[in-house]
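>>> Quick one, structure for this:
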Amino acid sequence: MTPAGTTPSSDDEALRLFGHLSCILTGDVALPEGAVRRHLRTLRDSGHAADLTQVLQRFHAVLESHGNIVDGVGRGLVDDVALGPFVKNILLLWFTGQLPSTTAAAPTASQDDYFEALMWSAIGAHPPGLSDAYFGHWRYPPDEGV
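The predicted model follows:
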């Protein structure tokens, strides 16, 4: 943990804070470390590194306050007029595997990000194009409870 009164600066600390924040934002979902690293890199490379730094600093302050972390994230980040839209984009990144874009030339999700997107488990489906079933499995209805 970073000493009180300081801000996160190292890559390891940023990764730890981003992973912890992501876990809270996604509802305490176990997130693969590789995806945490990729999503952190995506956010840094998206031209929003300053927003990411502010979000991680604010989240660090929420942790240091020793209050209710979920309420602190809700009030201090999600509901914040300036940072809220960026925090919601973090959620979109986790659920879709890519950041939203208004341009036609927006980069698409990597294969790993697409297959590991949380939307698939949220809707109880597997990603189109990925199957561990036998050839022709689509002919039969899905198993119960999947």
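>>> Can you show me the helices along this structure?
Listed in chain order, the helices of the chain (DSSP state H) span 11-25, 33-45, 49-64, 69-73, 84-96, 111-115, 118-123.
>>> Now mean pLDDT and mean neighbour count too, for the ones you listed, in JSON lines please.
C-betas here are computed from N, CA, C, even on glycine. Converted to JSON lines, the helices of the chain look like this (pLDDT from 0 to 100; neighbours: other Cβ atoms under 10 Å):
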{"stretch": "helix 11-25", "mean pLDDT": "94", "mean neighbour count": "17"}
{"stretch": "helix 33-45", "mean pLDDT": "92", "mean neighbour count": "16"}
{"stretch": "helix 49-64", "mean pLDDT": "94", "mean neighbour count": "18"}
{"stretch": "helix 69-73", "mean pLDDT": "94", "mean neighbour count": "16"}
{"stretch": "helix 84-96", "mean pLDDT": "94", "mean neighbour count": "17"}
{"stretch": "helix 111-115", "mean pLDDT": "86", "mean neighbour count": "15"}
{"stretch": "helix 118-123", "mean pLDDT": "88", "mean neighbour count": "14"}
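>>> So the closest residue to residue 70 other than its chain neighbours versus residue 81, what's the distance?
For residue 70, ignoring the flanking residues on the chain, the nearest one in space by Cβ to Cβ, 6 or more residues apart in numbering is residue 24 at 6.2 Å. Residue 24 sits 20 Å away from residue 81 when distances are taken as Cβ to Cβ, to the nearest Å.
>>> can you check residue 72 too?
Residue 72 is 17 Å from residue 81, by Cβ to Cβ.
>>> who are the neighbours in contact with the residue nearest the centre of the chain?
Nearest to the mean C-alpha position of the chain, by Cα atoms, centre = their mean, lies residue 94 at 3.7 Å. Residue 94 is in contact with 22, 25-26, 31, 39, 117-118, counting by Cβ atoms under 8 Å, 6 or more residues apart in numbering.
>>> Which members of the residues you listed are the farthest-apart pair?
Spatial extent of these (Cβ to Cβ) is set by the pair 25 and 117 at 14.3 Å.
>>> got a list of what residue 84 touches?
Shown in contact with residue 84 (Cβ under 8 Å, 6+ apart): 77-78.
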